[in-house]
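Peer 1: Any chance you can model this:
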Amino acid sequence: MIKDVLKDAEGHMQKSVEVFKHEIASLRTGKASVSLLDNVQVEYYGTKMPLNQMATISAPDATLIVVSPYDMSALQAIEKAIREADLGLNPSNDGKKIMVPVPPLTEERRKTLVKKLHEYAEQSRVAIRNIRRDARDKVKKMMKDKEISEDDERRAEEEIQRLTDKYIDEIDKLSKKKEQDILHV
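Peer 2: You can find the predicted model right below:
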């Protein structure tokens with residue numbers, strides 16, 4: 001029973017780390033990457049759709065992203081969505097595809113991105129701590145219901161804390177690496 005609680009908690013913590021990895025992939029590091037546009041949502045026939053479901057996205061070189069819509073009538077909507085996505089990008093279209101030049105990052109923009117990175121990291125750490133709290137509550141309830149002994153409860157608490165430390169450390173390492181990428185490109 002304790003194993004189920006630990007397995008469940010670890011699974012949720014891993015998922016929090018994966019979400020964090022996905023979030024930081026969309027932060028610019030100064031070179032063109034198709035993942036920069038991962039979070040762009042396009043207003044299309046009254047519905048918000050992810051850009052990557054509406055177009056082919058490529059990065060032919062380090063300073064350019066090319067977006068080729070499947071439906072040419074969506075060209076203007078896609079261009080507008082990229083412009084409004086607060087990525088510091090200024091797209092232009094040639095009637096068939098959208099060119100998104102990726103300018104070098106200014107010092108101010110780098111600081112803004114690092115601040116955003118820290119927000120994402122803190123949200124992920126809070127999520128992991130909430131998972132820890134839920135797991136501890138389950139173990140305490142098992143103890144209260146006399147399903148486990150006090151020793152089992154203590155060991156489970158230690159294991160939950162070990163998992164928490166492990167995943168928060170992973171978030172911190174990923175955050176530090178991304179911060180270096182942003183500041184030193």
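
Peer 1: Could you list the domains of this protein?
Peer 2: With domains defined by automatic domain parsing, the chain comprises 2-25+106-183, 34-101.

Peer 1: Make TSV out of those domains and add mean neighbour count and mean pLDDT.
Peer 2: Every residue, glycine included, has its C-beta placed from N, CA and C. Putting those into TSV (neighbours: other C-beta atoms under 10 Å; pLDDT from 0 to 100) gives the following:
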stretch	mean neighbour count	mean pLDDT
domain 2-25+106-183	16	93
domain 34-101	16	88
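
Peer 1: Now do the contacts for the residue most central in space within the chain.
Peer 2: In the chain, the centroid-proximal residue (C-alpha atoms, centre = their mean) is residue 23; its distance is 1.6 Å. Residues near residue 23 by C-beta atoms under 8 Å, 6 or more residues apart in numbering: residue 120.

Peer 1: Which helix or which strand is home to it?
Peer 2: helix 2-25 (DSSP states H and E).

Peer 1: Grab the longest helix from this structure for me.
Peer 2: Ordering each helix of the chain by length in residues (DSSP state H) puts helix 107-144 first.

Peer 1: Next secondary structure after that helix?
Peer 2: As assigned by DSSP H and E, the chain's next helix or strand after helix 107-144 is helix 150-183.

Peer 1: Show me what that following helix is packed up against.
Peer 2: On a contact count with 3 or more C-beta pairs under 8 Å, 6 or more residues apart in numbering; DSSP states H and E, helix 150-183 meets helix 2-25, helix 107-144.

Peer 1: Now render those as JSON lines, adding distance to residue 80.
Peer 2: Formatted as JSON lines, these follow (distance: least, C-beta to C-beta, whole Å):
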{"stretch": "helix 2-25", "distance to residue 80": "23"}
{"stretch": "helix 107-144", "distance to residue 80": "21"}
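
Peer 1: Relative to residue 77, which of those helices is closest?
Peer 2: Of all the helices and strands packed on helix 150-183, it is helix 2-25 that lies closest to residue 77, at 23.6 Å by C-beta to C-beta.
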